[in-house]
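>>> My questions are about this predicted structure, shown below with the sequence.
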Amino acid sequence: MSFLLGPAGGMLAAMILLDGRPVAADQLAVLALTPYGHFTTMHTEDGRTVRGLVHHLERLRRDCAELFDAELDLELVRRQLRTALAQAPAPTIVRITVFDPGFDLGHPAAATDPHLLISTRPAGGTEPPPLRVRSTPYRREDSRIKHVGLYGALRLRRAAQREGWDDALFATPDGLVCEGATWNIGFVRGEQLVKPCADVLDGVTMRLLCELHPDHETVPVPLDRLTERFDAAFATNTAIGVRPITAIDGHAFPAAHPVLDRLREAYWATAGEAI
């Protein structure tokens, strides 16, 4: 039986397959107890196409070589992705996690046999409200890799939420904006999209937005001069698209802006690539 998550008696919330087959709870023990691996998360509206698929696959290939010294079979990834999506209702959020079920805490150098864990869940049907975020000094370990080590990021998200904010925004010790806990951040200056120049994960959605909006720039963004320099701020990842940010610490931004509207519309109108 496949591993299912959801409220008792409710509709199916998630399905998880390992190597294209239903996964048993004991097969997830290694990932739970020794979280060494990497992943990517995608959004599909029809179960057959994904925006930025080539970038997601390249991320998986690159990170697999980095973490496991192994060449990932991207055609195998596509086949198993199609298998998982055939059983999932659309629209869907799908996550592909790459890990070695034989990982040994005492001998991590032997972890060279990566496998694919694919999980799906229904995509949210409503647009999320704007974010209010609190900045905190933090840099994710190996920030260019989308690894499964989320403790630090989630710990800071929890702390921010317990103090009344929606999320945490990471910054350098000298006060330069980096990224959110699970999202990239962007700003609007006039008609221009501005990305922080920082050591962050290169998000697929932000990359697509820059392709759609050629007037963009990557520059250092100091926390103490945000409202002087920028007209709007937004968070972005595969699940949310473009989500306005209305507050960063004591800096307020509008919830609506014409450039944000155009970015959001252009992103959701972008055709997906066939899986």
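Sure, I can see it.
>>> give the contact list for Thr246.
By C-beta atoms under 8 Å, 6 or more residues apart in numbering, the contact set of Thr246 is 130-132, 252-255. In this view, the C-beta of every residue, glycine as well, is placed from N, C-alpha and C.
>>> now swap in Glu163 and tell me
By C-beta under 8 Å, 6+ apart, Glu163 lies in contact with Arg134.
>>> what does the one 10 residues further on give?
Residues in contact with Pro173, defined by C-beta under 8 Å, 6+ apart, are Pro137.
>>> Kindly recompute the last result at 10 Å.
Contact analysis of Pro173 by C-beta atoms under 10 Å, 6 or more residues apart in numbering lists 137-139.
>>> neighbours around His115, how many?
Number of residues near His115 (other C-beta atoms under 10 Å) recorded here: 16.
>>> likewise Thr126?
5.
>>> just curious, which of the contacts of Thr246 is nearest to Val219?
Checking the contacts of Thr246 against Val219 with C-beta to C-beta, the nearest one is Phe253 at 17.6 Å.
>>> Might you list the low-confidence residue ranges for the stretch 1-150 of the chain?
For the stretch 1-150 of the chain, applying pLDDT under 70 flags the ranges 1-13.
>>> Only whichever of the contacts of Thr246 are buried, select them in ChimeraX.
Here is the ChimeraX selection string for the buried members of those, based on 16 or more other C-beta atoms under 10 Å:
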select :130,131,132,253
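>>> So which of the contacts of Thr246 belong to strands?
Among these, the members found in strands (DSSP state E) are 131-132, 252.
>>> the strands in the stretch 51-200 of the chain, which residues?
Using DSSP state E, counting those that start in this stretch, the strands assigned to the stretch 51-200 of the chain run over residues 92-99, 115-122, 131-137, 167-171, 177-180, 184-189, 192-196.
>>> And the first one, what does it pack against?
With contacts defined as 3 or more C-beta pairs under 10 Å, 6 or more residues apart in numbering; DSSP states H and E, the packing partners of strand 92-99 are strand 14-18, helix 29-33, strand 38-44, helix 53-68, helix 74-86, strand 115-122.
>>> Just the buried residues of the contacts of Pro173.
For the contacts of Pro173, buried by 16+ other C-beta under 10 Å: 138-139.
>>> ok, Gly20 - how many residues close by?
14.
>>> whoops, I mixed them up, Ala256
For Ala256, the neighbour count with other C-beta under 10 Å is 10.
>>> again, but for Gly106
5.
>>> Contacts only, for it.
By C-beta under 10 Å, 6+ apart, no residues touch Gly106.
>>> ditto for Arg155
Arg155 sits next to 138, 168, 181 when contact means C-beta under 10 Å, 6+ apart.
>>> between these, which is nearest Cys64?
Closest to Cys64, out of all of the contacts of Arg155 and judged by C-beta to C-beta, is Ala181, at 23.8 Å.
>>> Please name the residues that touch the closest one.
Contacts for Ala181 (C-beta under 10 Å, 6+ apart) come out as 133, 136, 138, 140, 150, 152-158, 160, 167-170, 235.
>>> where's it relative to Arg155, distance?
Separation of Ala181 from Arg155 (C-beta to C-beta, to the nearest Å): 9 Å.
>>> Over to His213?
In terms of C-beta to C-beta, His213 sits 33 Å off from Arg155.
>>> Could you list which residues are in contact with Pro254?
Listed by C-beta under 10 Å, 6+ apart, the contact set of Pro254 reads 130, 188, 231-233, 244, 246, 260.
>>> now with 7 Å?
Ala232 (C-beta atoms under 7 Å, 6 or more residues apart in numbering).
>>> phi, psi of it?
phi -70, psi 150 (degrees, to the nearest 10).
>>> Report pLDDT for it.
For Pro254, the pLDDT comes out at 97.
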